[in-house]
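J.: Model the structure of this input:
(3 chains)
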Amino acid sequence: MLSLIELGAVVSSAVFGILLARKNRLDFIGVFTVAFITAFAGGTLRDLFLDRQPLFWIANDHYAVIVFLLALASTLIPAKTSQVEAWLQIPDALGLGLFAIVGANHALEAGTSLFIASLMGVVTGTAGGAISDVTCNEVPRLFKATSLYATCAFAGCWSCFAVQLVLGRSDIALFVGIAVVVISRLVAIRLNICLPEHKATYNDANSSGKTVGN
Amino acid sequence: MLSLIELGAVVSSAVFGILLARKNRLDFIGVFTVAFITAFAGGTLRDLFLDRQPLFWIANDHYAVIVFLLALASTLIPAKTSQVEAWLQIPDALGLGLFAIVGANHALEAGTSLFIASLMGVVTGTAGGAISDVTCNEVPRLFKATSLYATCAFAGCWSCFAVQLVLGRSDIALFVGIAVVVISRLVAIRLNICLPEHKATYNDANSSGKTVGN
Amino acid sequence: MLSLIELGAVVSSAVFGILLARKNRLDFIGVFTVAFITAFAGGTLRDLFLDRQPLFWIANDHYAVIVFLLALASTLIPAKTSQVEAWLQIPDALGLGLFAIVGANHALEAGTSLFIASLMGVVTGTAGGAISDVTCNEVPRLFKATSLYATCAFAGCWSCFAVQLVLGRSDIALFVGIAVVVISRLVAIRLNICLPEHKATYNDANSSGKTVGN
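T.: Residues are numbered from 1 along each chain as shown, chains lettered A, B, ... in the order given. Prediction:
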């Protein structure tokens, strides 16, 4: 069950990475690299943090082949940049939800506390996208006003734990957790919801002595 | 003794991360994320490099709760940006010193050479802040003219080793090492000391064929 | 044999890191840090991913001393920035080739599939330079038009596997693999070859709602 969800997470994240790379007009290797990072970075951190060896993409070596073929296929399909932008959100939300819930459950299996497990879910869900963003020199989505990015992953993990505790059914718990992440994320983007006190004044390089004006 | 110092290091670094995030006007999740990265990234790298499992923040799962509560408390306290700037230096220097000395001693316990142990101290002390900076798209403090950042951590580790060798008292060695880092760092900031040959001309993106003018 | 090549890879990458840092006019600690990251980041990721402990630069603790001495020596030699630029390419290509082939072979020894091993070669070869670039706030070479950076490493790994399969001589295979990477990389730079569909329009920070114009 978890490995089926993981496969879905890899595909969603890879598609998101490919679209992001296409938006930035990277060449084939760039597209593959961004897809690879987006699909595997979060789970790799989780596996390293929990000492799960071999890593999930080394144990399942068809994952890398799938990402490679997806990247290859994408170069054959022409796409307008503006269209790409609109489609970015769905694989992004799916990848976030699937990876977050898988990550949290792997952490619980490894015997961590619930709080640590939920953080591991957030790391697994968000790290891929965040590292891709840093790599492309964008401000990571984690810190953008429109996001509720980590928040959705966090809420989904706790929903999953709650359903598991109340009903004792892990399959329903997984499904509810994923649904909470994906739906809350898409709604947050659509309604432009954000937490208070965020005005996105990012400082450039030599900001040491600078006072940020109100 | 080491774990008491580690607790202090986590709190100092988390406070620094919170202030840095407040300076950048991030929302609650952003504040928590930056605090989390600043407090745990250095030690996580150290634990991965030395194969210490479980990671220190998974073994001590109250650390993450403390960081969470600190981030939560900080959102209730209003603060002017200019005041925050002045207060950033103290938790920064403390976190650097405490983490560097803990990191170097963990490396020695794992049987590395003194030189590797001092580098591990520098990594543990500086990685959290450096990754936070990169995440916020600032030039990492490591590379700023006013810093002597890594240098202070390096000097503190060797002071700690020297005292340990001469006096054979590990508690005094730890204390001296931490004091050397914190004091030298604060003095370097105050007096604006820096190593020679640093003019901070960072190049922007498409610099491949460009010749930097003198 | 592999450890001799690894030593060459460390020296080449360190020299590249030192030149990059000198180009950016960093002070001694900055030079050492960039050299250290460039020389050790790729191999560290490989060792973590393959669960090889202790890490190669902890097991061979003279590597770090060599990097330190190279960085120290470099500060004694004055150099013009424009000259540095021209010399950057050779240690860069050498470090890429040596690390990529060593990384791929370590992965094969650890029992991965050929495809995963070639990816591990690419990671080992490119990660050091990519992380250095991100640290210095440049767009990573991986994503630059003139690169064929990852492509060269990828081709070299597969050349190495092919020679190994056909001739069954691992020493010739290593040599051919390295030669393919280094030569193809230098030729790609000289002739300014790049894969199609790359126009390098990187978006700045607040790009969420923006449509990239053609």
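J.: what's the following helix or strand after the least confident helix or strand in chain A by mean pLDDT?
T.: Ranking every helix and strand in chain A by mean pLDDT, DSSP states H and E puts helix A:81-87 at the bottom, with a mean of 65. Downstream of helix A:81-87, the next assigned helix or strand under DSSP states H and E is helix A:89-109.
J.: Pick out the residue in chain A sitting closest to chain C.
T.: Distances between chain A and chain C by Cβ to the nearest Cβ are smallest at residue A:27, namely 3.7 Å. Any C-beta I mention is one placed from the backbone N, CA and C, and that applies to glycine too.
J.: Okay, now the unreliable bits of chain A?
T.: By pLDDT under 70, the weakly predicted segments of chain A are A:78-86, A:134-148, A:192-214.
J.: can you map out the helices along it?
T.: A:2-23, A:28-49, A:56-59, A:62-76, A:81-87, A:89-109, A:114-135, A:149-167, A:170-191 (DSSP state H).
J.: Throw those helices into TSV and include mean neighbour count, thanks.
T.: Converted to TSV, those look like this (neighbours: other Cβ atoms under 10 Å in any protein chain shown):
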stretch	mean neighbour count
helix A:2-23	22
helix A:28-49	25
helix A:56-59	20
helix A:62-76	16
helix A:81-87	13
helix A:89-109	25
helix A:114-135	25
helix A:149-167	21
helix A:170-191	18
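J.: Kindly export stretch A:18-36 (C-alpha atoms) in PDB.
T.: This file holds the C-alpha atoms of stretch A:18-36, laid out as PDB (Å, rounded to 0.1, in the frame of the first residue of the first chain):
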ATOM      1  CA  ILE A  18       9.500  18.600 -15.400                       C
ATOM      2  CA  LEU A  19       6.900  21.400 -15.700                       C
ATOM      3  CA  LEU A  20       9.000  23.700 -13.500                       C
ATOM      4  CA  ALA A  21      12.100  23.000 -15.600                       C
ATOM      5  CA  ARG A  22      10.100  23.500 -18.900                       C
ATOM      6  CA  LYS A  23       8.900  26.800 -17.500                       C
ATOM      7  CA  ASN A  24      12.500  27.800 -17.000                       C
ATOM      8  CA  ARG A  25      13.400  26.600 -20.500                       C
ATOM      9  CA  LEU A  26      16.100  24.100 -19.400                       C
ATOM     10  CA  ASP A  27      17.500  21.600 -21.800                       C
ATOM     11  CA  PHE A  28      16.900  17.800 -21.500                       C
ATOM     12  CA  ILE A  29      19.500  17.200 -18.800                       C
ATOM     13  CA  GLY A  30      18.200  20.200 -16.900                       C
ATOM     14  CA  VAL A  31      14.700  18.800 -17.100                       C
ATOM     15  CA  PHE A  32      15.800  15.400 -15.900                       C
ATOM     16  CA  THR A  33      17.900  16.800 -13.100                       C
ATOM     17  CA  VAL A  34      15.100  19.000 -11.700                       C
ATOM     18  CA  ALA A  35      12.600  16.100 -12.100                       C
ATOM     19  CA  PHE A  36      15.100  13.800 -10.300                       C
END
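J.: Send me stretch A:60-77 as CSV with only the CA atoms.
T.: What follows is stretch A:60-77, C-alpha atoms only, in CSV (Å, rounded to 0.1, in the frame of the first residue of the first chain):
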residue,chain,number,x,y,z
ASN,A,60,13.4,0.5,-6.3
ASP,A,61,15.6,1.2,-9.2
HIS,A,62,12.7,1.4,-11.7
TYR,A,63,11.8,4.8,-10.1
ALA,A,64,14.8,6.5,-11.7
VAL,A,65,14.0,4.9,-15.1
ILE,A,66,10.4,6.1,-14.8
VAL,A,67,11.6,9.7,-14.1
PHE,A,68,14.1,9.4,-17.0
LEU,A,69,11.3,8.2,-19.5
LEU,A,70,8.9,11.0,-18.3
ALA,A,71,11.6,13.6,-18.8
LEU,A,72,12.3,12.2,-22.3
ALA,A,73,8.6,12.0,-23.2
SER,A,74,8.1,15.6,-22.1
THR,A,75,10.7,17.0,-24.5
LEU,A,76,8.6,15.6,-27.4
ILE,A,77,5.5,17.5,-26.3
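J.: Name the residues that touch it?
T.: Here stretch A:60-77 makes contact (Cβ atoms under 8 Å, 6 or more residues apart in numbering or on different chains) with A:3, A:6-7, A:10-11, A:14-15, A:18, A:22, A:28, A:31-32, A:35-36, A:39-40, A:56-57, C:112-113, C:115-116, C:119, C:197.
J.: Off-centre distance for it?
T.: 18 Å (Cα atoms, centre = their mean, to the nearest Å).
J.: got it, and stretch A:105-116?
T.: Centroid separation for stretch A:105-116 versus its chain: 19 Å, with Cα atoms, centre = their mean.
J.: now check it, is it near chain B?
T.: Yes. Stretch A:105-116 reaches chain B (Cβ under 8 Å from any Cβ of the partner chain) through A:112, A:113, A:115, A:116.
J.: So residue A:16 is in contact with residue A:87, correct?
T.: No. Between residue A:16 and residue A:87 there is no contact under Cβ atoms under 8 Å: 9.3 Å.
J.: one step back: nearest to residue B:126, of the helices of chain A?
T.: Minimum separation from residue B:126 across those (Cβ to Cβ) falls at helix A:114-135, 17.8 Å.
J.: any idea how far residue C:149 is from the residue of chain A closest to chain C?
T.: Taking Cβ to Cβ, to the nearest Å as the measure, residue A:27 falls 11 Å from residue C:149.
J.: I'm done for today, thanks for sticking with me.
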